[in-house]
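> Show me how the following folds:
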Amino acid sequence: MKNMTASTPVTISEKLKWLKHRYWKFGDEENFDDYLMDLFEVDDEGHRTAEPRFDPLTRETKGLMFLGASDNGKTAFLMRALRVDPVLREFNIDQGGNTLYITVPPEASIKNLAEIILKKTGYTKVHAKLRAADAWELARHRFGVVGIKALVIDECHHIFRPGAGRDIPAAIQALKHIMQSEHRVALIIAGVPSLKDAILSEVSGETARRFIEFSMARIRPGSRGAATFGRNFVKSANFLGLQVAEEDALPDRILFAEHGQVGASVGLGKEILRAAISRRRDAITLDAAERVYRKSNAGLDMTPFDSAEWDVVKSELTSIGWGQ
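As a prediction, this is how the structure comes out:
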């Protein structure tokens, strides 16, 4: 977050808009880029290209499994990675692009996923009686037609939910066949840890072996990620005209309150900033932060935003089992 913006927001609406669109790094972005280096070819200068790595002996590309707990910020992370990537461009039917980003709805079956891919790539003649296998054959063909080099499937664990009309082995096979497509597509699937469990349910394990694994861990106290989060929070507050007292240790309290979950911590941090901006405050106090927190965590005798010194609050909450 080196260059905040070209101009400083002044009005409340300008500040809130700026805050909504602000992405806070937490240290894993460079690690993720290193993983992408293993999915795509590099040029003679050592720069990653948009061409998927392809094994001519097996005629397969590679896959990446991106895992993280619910509310840990996977979607924001992936969308930001795609937005700033020098060679991968999100596909839009009107503007083109080489990377198709799909979010799987909770109710989707494996056939529904193929139909979503068809529609997003401009194929609108999907017959209601089309079989799942035929839908996937068409979907893989569309990759070549519109120039897709990478497919990102967010919330991929949804296609492995049990229930009537769902076929987990077929879902696993569909993912494997993407990496065996004649059009050479790199596959990135994202979801909660149960996604890995579902793919590992295949007895042979052959699909799981085709994926490298990137996991989003929680931000640990005292870690580089915690320090980065703290800088982002304070810099954003100051940029928006809000003072943050260092002795209040607000970033540490936020991370503790949300158990180090990236997405939840960013969400709470932004909600605290938003509340201060909307109420025309010039500083963020522990009382104000606690009011924000209690609106979604009512009934607690003590919160991480108690007015006592942070070490005292943390010790007291830890002694009663906070976060266990």
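
> domain parsing for the protein?
Partitioning the chain according to automatic domain parsing yields domains covering residues 12-23+219-319, 29-216.

> Make TSV out of these and add mean neighbour count and mean pLDDT.
C-beta coordinates here come from the backbone N, C-alpha and C atoms, glycine included. TSV is the format used below for the domains of the chain (neighbours: other Cβ atoms under 10 Å; pLDDT from 0 to 100):
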stretch	mean neighbour count	mean pLDDT
domain 12-23+219-319	17	96
domain 29-216	17	93
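
> So V185 sits against F143, correct?
Yes: here V185 reaches F143: they are 5.1 Å apart, a contact under Cβ atoms under 8 Å.

> Overlap in contacts, those two.
By the contact definition Cβ atoms under 8 Å, 6 or more residues apart in numbering, V185 and F143 are jointly contacted by L151.

> Ramachandran coordinates for S109?
S109 adopts backbone torsions of phi -100, psi 180, taken as degrees, to the nearest 10.

> OK, contacts around it?
With contacts taken as Cβ under 8 Å, 6+ apart, S109 has the following neighbours: 132, 159, 165-167.

> from the chain's centre, how far out does stretch 279-295 sit?
Offset of stretch 279-295 from its chain centre (Cα atoms, centre = their mean, to the nearest Å): 27 Å.

> what about dumping the CA coordinates of that stretch to PDB?
Coordinates of each C-alpha in stretch 279-295 appear next as PDB, following Å, rounded to 0.1, in the frame of the first residue of the first chain:
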ATOM      1  CA  ARG A 279     -19.700  10.100  12.500                       C
ATOM      2  CA  ARG A 280     -17.200  12.800  11.600                       C
ATOM      3  CA  ARG A 281     -14.700  11.700  14.200                       C
ATOM      4  CA  ASP A 282     -11.000  12.800  14.100                       C
ATOM      5  CA  ALA A 283      -9.700   9.900  16.100                       C
ATOM      6  CA  ILE A 284     -10.500   6.200  16.800                       C
ATOM      7  CA  THR A 285     -11.000   5.400  20.400                       C
ATOM      8  CA  LEU A 286     -11.300   2.000  22.100                       C
ATOM      9  CA  ASP A 287     -14.800   2.800  23.200                       C
ATOM     10  CA  ALA A 288     -15.800   3.500  19.600                       C
ATOM     11  CA  ALA A 289     -14.100   0.300  18.300                       C
ATOM     12  CA  GLU A 290     -15.900  -1.700  21.000                       C
ATOM     13  CA  ARG A 291     -19.300  -0.300  20.000                       C
ATOM     14  CA  VAL A 292     -18.600  -1.500  16.500                       C
ATOM     15  CA  TYR A 293     -17.500  -4.900  17.600                       C
ATOM     16  CA  ARG A 294     -20.400  -5.500  20.000                       C
ATOM     17  CA  LYS A 295     -23.000  -4.800  17.200                       C
END
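
> how close does R209 sit to V87?
According to Cβ to Cβ, to the nearest Å, R209 stands 27 Å off from V87.

> How confident was the prediction at K2?
Residue-level confidence at K2 comes out at 49, pLDDT.

> now do the one 4 residues further on
At A6, the predicted lDDT confidence score is 55.

> what do you get for G323?
Reported pLDDT for G323: 64.

> quick one: the helices in the stretch 101-250 of the chain?
When assigned using DSSP state H, counting those that start in this stretch, the helices of the stretch 101-250 of the chain occupy the ranges 110-120, 132-146, 168-179, 194-200, 224-239, 250-257.

> What residues does the closest residue in space to A237 that isn't next to it in sequence make contact with?
In this structure, A237 finds its nearest non-sequential neighbour in V244, 4.9 Å apart by Cβ to Cβ, 6 or more residues apart in numbering. Taking Cβ under 8 Å, 6+ apart as the criterion, V244 is in contact with 233-234, 237-238, 250, 283-284.

> Report the beta-bridge partners for V244.
Beta-bridge partners of V244, counted by DSSP bridges, are I284.

> just to revisit the earlier point, turn the helices of the stretch 101-250 of the chain into CSV, columns for distance to G68.
Conversion of the helices of the stretch 101-250 of the chain to CSV gives the following (distance: least, Cβ to Cβ, whole Å):
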stretch, distance to G68
helix 110-120, 20
helix 132-146, 26
helix 168-179, 18
helix 194-200, 10
helix 224-239, 13
helix 250-257, 16
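
> Of all those, which one is nearest T303?
Counting by Cβ to Cβ, T303 lies closest to helix 250-257 out of the helices of the stretch 101-250 of the chain; the figure is 7.0 Å.

> Which residues does that closest one contact?
If you take Cβ under 8 Å, 6+ apart as the criterion, helix 250-257 is touched by 219, 221, 226, 229-230, 233-234, 244, 265, 268-269, 272, 284, 286, 289, 293, 297, 303-305, 310, 313-314, 317, 322-323.
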